[in-house]
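Q: need a structure here:
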Amino acid sequence: MKRFMKYLSAALAIILLISCSEEKRKKALLPNISGKAGEVVVVIDKNYWEGAVGNTLRDTLACDCPFLPQREPLYTLVNVIPSGFTNIFQLHRNIIVINISNTVKEPGVVFRNDVWAAPQCVIYVNAIDSDSAVMLIQENGSKIAAMLEQAERDRVIRNAKKYEELKLAPVVTEMVGGSPHFPSGYQLKKKTDDFIWITYDTQFTQQSILIYKYPTEEGVEMMDPENLLRANEEILKQNVPGMFENTYMTISPIIKPSVKYMRYKGHEFAEIRGLWEVHNDFMGGPFVAHAFYSPDGKEIIVMEAFVYAPKYDKRHYLRQVESVLYSFEWAKTEE
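A: Numbering: from 1, shown residues only. Predicted structure coming up:
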């Protein structure tokens, strides 16, 4: 019996290995995705798109993107009727298929990756009627948005790792013990013992990441929103000057920043979102920061991404640079 179980385990392991290899081979043969970042193809009949189902989808995914200086939708939705969902649309990066029919046997929302192309996000909403579809979208709206956000983020991180500016990670790791993966084109702009400024500049845009640390204080709740924002203001004033005398980067009072406590792949941090501006000047834009404890708990480490793009919409630029924050990894230590 023991020998039989041993052979059975070995056979199952071989089958699993073959299955995984076959799955990898199939994905390797898929074409690359098409479409713009932040764009979602919605496959749905016109009458449903113009009715309650379409309105619910727009309320969920085309609502205003938060903490931007002007109105921009969270995602750009492109309607395609089922008969028009041909090969050209099947290659799109993000697809939502709305299937409403009284023949649907298992109503629900189904998430899939790499159905027609790679790396692709496909979401199916299967419902027996319009009211059921509305309810499914409402109940699963946060999951749908999170799935799309994760897909967009993973694509940026994948490209960052593939085309990484390798000279930057050692600089950051030396100061804080870990580093994000910076895409090609990012450059070191400023470095001190406890502050680093890394940026990607074009003629009309700037995407920057500030990395800094400061010591914890005994008896003080360092992750309290007021303490995080106070420290942020002080460090920006000291390290990010404006173009003219007595100008410096600060948090804009136009919109109160938000602070949320999050966990991502085992990494716990406080997420800060808001608008920045330059004191005594007219520059500004959106920012997002991740604040977390050092492994020994003696320091707070902050990675802050901000965008300056006065001529352009900023959703895409912020999503790109925010994704870099999510690529942070602690340096591997030798056993």
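Q: pLDDT weak spots in this protein?
A: 1-28, 333-335 (pLDDT under 70).
Q: C-terminal to the lengthiest strand in the chain, what's the next element?
A: Longest strand in the chain, counting residues (DSSP state E): strand 267-278. Toward the C-terminus, strand 267-278 is succeeded by strand 284-293 as the next helix or strand (DSSP states H and E).
Q: Direction included, what does that following strand pair up with?
A: Looking at strand 284-293 with DSSP bridges, its partner strands are strand 267-278 (antiparallel), strand 299-308 (antiparallel).
Q: Of these, which is nearest N87?
A: strand 299-308 (35.1 Å; Cβ to Cβ). In short, each C-beta sits where N, CA and C put it, glycine included.
Q: Can you list phi and psi of D296 for me?
A: phi -90, psi 0 (degrees, to the nearest 10).
Q: Which residue ranges make up each domain of this structure?
A: 39-161, 165-330 (automatic domain parsing).
Q: quick one: contacts for the nearest residue to F328 once chain neighbours are set aside?
A: Residue nearest to F328 in three dimensions, not counting chain neighbours: P180, with 4.7 Å by Cβ to Cβ, 6 or more residues apart in numbering. Residues counted as contacts of P180 (Cβ atoms under 8 Å, 6 or more residues apart in numbering) are 160, 169, 172, 209, 303, 324-329.
Q: redo that, cut-off 7 Å
A: Applying Cβ atoms under 7 Å, 6 or more residues apart in numbering to P180 gives the contacts 303, 324-325, 327-328.
Q: Sort out for me which of the residues you listed are in helices.
A: If you go by DSSP state H, those have 324-325 in helices.
Q: which of the contacts of P180 sit farthest apart?
A: Checking the contacts of P180 with Cβ to Cβ, the most distant pair is M303 and S327, at 10.2 Å.
Q: Quick check, E39 in contact with V80.
A: No: E39 is not in contact with V80 according to Cβ atoms under 7 Å; the separation is 11.8 Å.
Q: between the two, who's got more neighbours?
A: V80 (19 against 16; other Cβ atoms under 10 Å).
Q: so what's the backbone phi/psi at the more buried one?
A: Torsion angles, degrees, to the nearest 10, at V80: phi -130, psi 130.
Q: With the one 10 residues further on instead?
A: Recorded main-chain torsions at Q90 are phi -70, psi -20, according to degrees, to the nearest 10.
Q: What is the burial count for it?
A: 18.
Q: F67 now?
A: 17.
Q: Quick check, central residue of this protein?
A: By Cα atoms, centre = their mean, the chain has its centre lying nearest to R153, at 3.8 Å.
Q: Nearest spatial neighbour of that one, chain-adjacent residues omitted?
A: Nearest one to R153, counting by Cβ to Cβ, 6+ apart, is S323 at 4.5 Å.
Q: now swap in M223 and tell me
A: Going by Cβ to Cβ, 6+ apart, M223 has A270 as its nearest residue, at 5.4 Å.
Q: Likewise for R315?
A: E72 (4.5 Å).
Q: OK, contacts around that neighbour?
A: 65, 313, 315.
Q: Thank you kindly, that will do.
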